[in-house]
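> Okay, here's the prediction I keep looking at, along with the sequence it came from:
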Amino acid sequence: MAENNTLIVYASRHGETKKCAREIFNLIDGKVDICDLGNRVSFPDASTYDTIIIGSSIHLGKVLEPVSNFCSANLELLTQKRIGLFITCPDTGEKAEKQLRQAFPAELLNGAVVSAYFDGTFDSFRLSILERMMIYRPGGGSGAQLSPSSWKKIKQFAKKMNPSHAEEE
């Protein structure tokens, strides 16, 4: 099999998604490019990649606009690629699973090699007053770290997305 090339695109509001994308970047073999969609004027050419990993934080129940726009603009192409999808959110369990299911188009979720949520908490110094009120409700997050289980899930996610795993599919 020819060398697989991977594109990781993400948008991060407070930095947790960027940390996850960087960790995945470090764990993927072969040629890997990473792109912060929040800091771009145009999208990267997804057609030149075999594998595409898409990540976003969840804000007001949705992925960030640059990720939503990337998915919409490339939906047909993305359904023909090896796709991995992830979100970062302060929630866990069924609530996080529901956010993941609502985050991306069904066509992408159904065709994804892997989809995952990485839970953690937020750095309160980086949040607006409105965001603090929303997050620090009963059952909300606090602090500034991904949970230890999320680091394990990131490693499992990367393992499934590695080019060597594509040969097993």
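Perfect, I can see it now.
> can we go C-alpha only for contacts and neighbour counts from here?
Will do.
> ranges for the helices of the chain?
Here the chain has its helices, by DSSP state H, at 16-27, 65-73, 75-78, 93-103, 106-111, 129-135, 148-161, 163-166.
> how close does V32 get to P90?
Using Cα to Cα, to the nearest Å, we find V32 at a distance of 28 Å from P90.
> where does this structure dip in pLDDT?
Across the chain, the ranges flagged by pLDDT under 70 are 1-3, 120-148, 165-169.
> Centre-most residue in it?
The centroid of the chain falls nearest to G55 when counting by Cα atoms, centre = their mean (1.8 Å).
> residue contacts, that one?
Shown in contact with G55 (Cα atoms under 8 Å, 6 or more residues apart in numbering): 8-11, 17, 21, 67, 85-88.
> Now, those residues that are in strands?
8-11, 85-88 (DSSP state E).
> More neighbours: which of V32 and P90?
P90 (22 against 18; other Cα atoms under 10 Å).
> so G111 sits right up against G84, yeah?
No: the pair G111 / G84 is not scored as a contact, 9.1 Å apart, by Cα atoms under 8 Å.
> which of these two has more neighbours?
G84 (23 against 16).
> in the sheet, who's paired with that one?
When assigned by DSSP bridges, G84 has beta-bridge partners I53, V114.
> just checking, it touches N110?
No: taking contacts as Cα under 8 Å, G84 lies outside contact range of N110: 10.8 Å.
> Tell me how many other residues surround the nearest residue to A112 once chain neighbours are set aside.
Residue nearest to A112 in three dimensions, not counting chain neighbours: I83, with 4.8 Å by Cα to Cα, 6 or more residues apart in numbering. For I83, the tally of surrounding residues (other Cα under 10 Å) stands at 24.
> Equivalent analysis for the one 10 residues further on, please.
Using other Cα under 10 Å as the criterion, G93 is surrounded by 9 other residues.
> so how far is Q99 from it?
G93 is 10 Å from Q99, by Cα to Cα.
> Spit out the contact partners of the residue lying closest to F157 once chain neighbours are set aside.
Nearest non-adjacent residue to F157, counting by Cα to Cα, 6+ apart: V114, 6.7 Å away. For V114, the contact set (Cα under 8 Å, 6+ apart) comprises 83-85, 157, 160-161.
> Out of the residues you listed, the closest to L60 would be?
L85 (18.6 Å; Cα to Cα).
> That closest one and G111 touch, don't they?
No: using Cα under 8 Å as the test, L85 is too far from G111 to be in contact (10.2 Å).
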